[in-house]
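Undergrad: Provide a 3D model corresponding to the input given below.
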Amino acid sequence: MTNRRSLSIRSKGLWVAVAVSWLGLAWLLLGPAPAFADAGPHEAHDAHDAAGHGSQADQAPPAAHDHHAAGAHEEPVDPSKIIVRGGITREEERAYSLFMHRSCGLAVLALGLLVLADRLTQRRYPLLRKGMGVIWFLMGLHILFNADPTDWPLDATFMESYNRPGSGEWLQHKLLSLVPMAVGLYTMLVAPKLKASPYAGYAMGAVLAVAGVALLFHEHQHSPGMDMALIVKQHNVMALTALLIAAGWLADAMERLAWKPKLYVVPVGLILLGLELAVYTE
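TA: Okay, here's the model as predicted:
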C-alpha cells in the first residue's frame, strides 16, 4: 500500500514537472521577440546613418532632386498579386495553404475523437483503431500529393522542385508526410497481429516527438504580405502540442506510471492540435 502511494506521488510529481517545463518552453517560444529582431537591414542602415551623419540628414535636398524623385515614384504593388513559387499569385498560395492546414486539422480532430472513444470504451472495438489507421494514412497521402500542387509529384519533376527557390519547405512537407503514413500502416496492418507491448508505445512517442521538433524548424518561404511572426508562433504552438501528445503516448506505455488521467493526454492533445490547425491563418 505504501509503495503504491509512493508511486502515485512520484507520478504526479513527474507530470507537474512536465507541465512546468512545457509552460516554460511555451513562454520562450511564444513570448515577445526583442525589439531589434524586427528591424530589417534598411532600418539598421538608416539608424546608423542617423547616428553618424545627423548634420547631413538635416540638410534639405535640392529642389531638382525632389522633382525627379516625384516623377520616378511608382504605384505600390499589391502583395496579393505578386507571383511566387510555382507561378501562382500570393493570394492563391495563401488560400491553398489555409485549405491544407484546415483540412489536416479536421483529420486530426477526427483522430482525437476516435482515440477518445476507443479509450472510453476500454478499447473493446477494433473498428475504432482501424478507423484511426485509415485517417492517419489518408492524411499522409493528402500532404504528400496536395501540400505543394505546383511541385513534384503532381506538376514537376523531383529535381525541378528541388532546384526551385524555397525547396526547403517543399522537402519538409514530403518528409513529414511519411510520419502519418507510417503510423497509419502500422495501426492497420501490424498492431492487430502483435501482443500489446510498451516498446510500441515508446516508438510511437519517439516518432511523434521527432515530428513535433520538426515543426519547430519548419520553413515558410517569405512572400510579400505574409505575417511571418504570426506564422512562426502558430507553428510553435502546434509543435508544443505535438510534443505533449508524444509525452502522453510515452506515459501510456509506462505501466508503472499509475495515473488514470494519463489515458486522456493523447486524445485531448490531438483534439487541441486539430483545432489549432482548423483556425490557422496567415
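
Undergrad: quick one: low-confidence parts of the stretch 101-250 of the chain?
TA: Within the stretch 101-250 of the chain, the ranges that satisfy pLDDT under 70 run 193-196, 219-225.

Undergrad: let me see the ranges of the helices in it.
TA: In the stretch 101-250 of the chain, the helices defined using DSSP state H, counting those that start in this stretch lie at 126-146, 158-163, 167-185, 198-216, 228-253.

Undergrad: export the ones you listed as TSV, with columns for mean neighbour count and distance to S103.
TA: Quick note: C-beta positions are derived from backbone N, CA and C, even for glycine. As requested, the helices of the stretch 101-250 of the chain are exported to TSV (neighbours: other Cβ atoms under 10 Å; distance: least, Cβ to Cβ, whole Å):
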stretch	mean neighbour count	distance to S103
helix 126-146	17	7
helix 158-163	13	21
helix 167-185	18	13
helix 198-216	17	17
helix 228-253	20	15
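
Undergrad: once you drop chain neighbours, what's closest to S103?
TA: Using Cβ to Cβ, 6 or more residues apart in numbering and skipping the chain neighbours, the partner closest in space to S103 is H142 (6.9 Å).

Undergrad: look up how far F137 lies from L111.
TA: From L111 across to F137, the span is 11 Å (Cβ to Cβ, to the nearest Å).

Undergrad: same check, this time on K233
TA: Plainly put, K233 is 30 Å away from F137 if you go by Cβ to Cβ.

Undergrad: do N146 as well
TA: Distance of N146 to F137, computed by Cβ to Cβ: 14 Å.

Undergrad: about what we covered before: between the helices of the stretch 101-250 of the chain, which one is nearest to R94?
TA: Proximity to R94 (Cβ to Cβ) singles out helix 228-253 among the helices of the stretch 101-250 of the chain, at 10.7 Å.

Undergrad: elements contacting that closest one?
TA: Helices and strands touching helix 228-253, by 3 or more Cβ pairs under 8 Å, 6 or more residues apart in numbering; DSSP states H and E, are helix 2-30, helix 198-216, helix 265-278.

Undergrad: go ahead and confirm A242 touches L273.
TA: Yes: contact criterion Cβ atoms under 8 Å: A242 and L273 qualify, at 6.5 Å.

Undergrad: quick one: contacts for N146?
TA: Contact analysis of N146 by Cβ atoms under 8 Å, 6 or more residues apart in numbering lists 100, 154.

Undergrad: again, only this time at 7 Å
TA: Counting by Cβ atoms under 7 Å, 6 or more residues apart in numbering, N146 touches M100.

Undergrad: was I right to think R119 contacts L263?
TA: Yes: using Cβ atoms under 7 Å, R119 is in contact with L263, at 5.0 Å.

Undergrad: when these two are compared, which one has more neighbours?
TA: Using other Cβ atoms under 10 Å as the criterion, R119 and L263 rank with L263 on top: 18 against 15.

Undergrad: where does the more buried one land on pLDDT?
TA: Note for L263: predicted pLDDT of 86.
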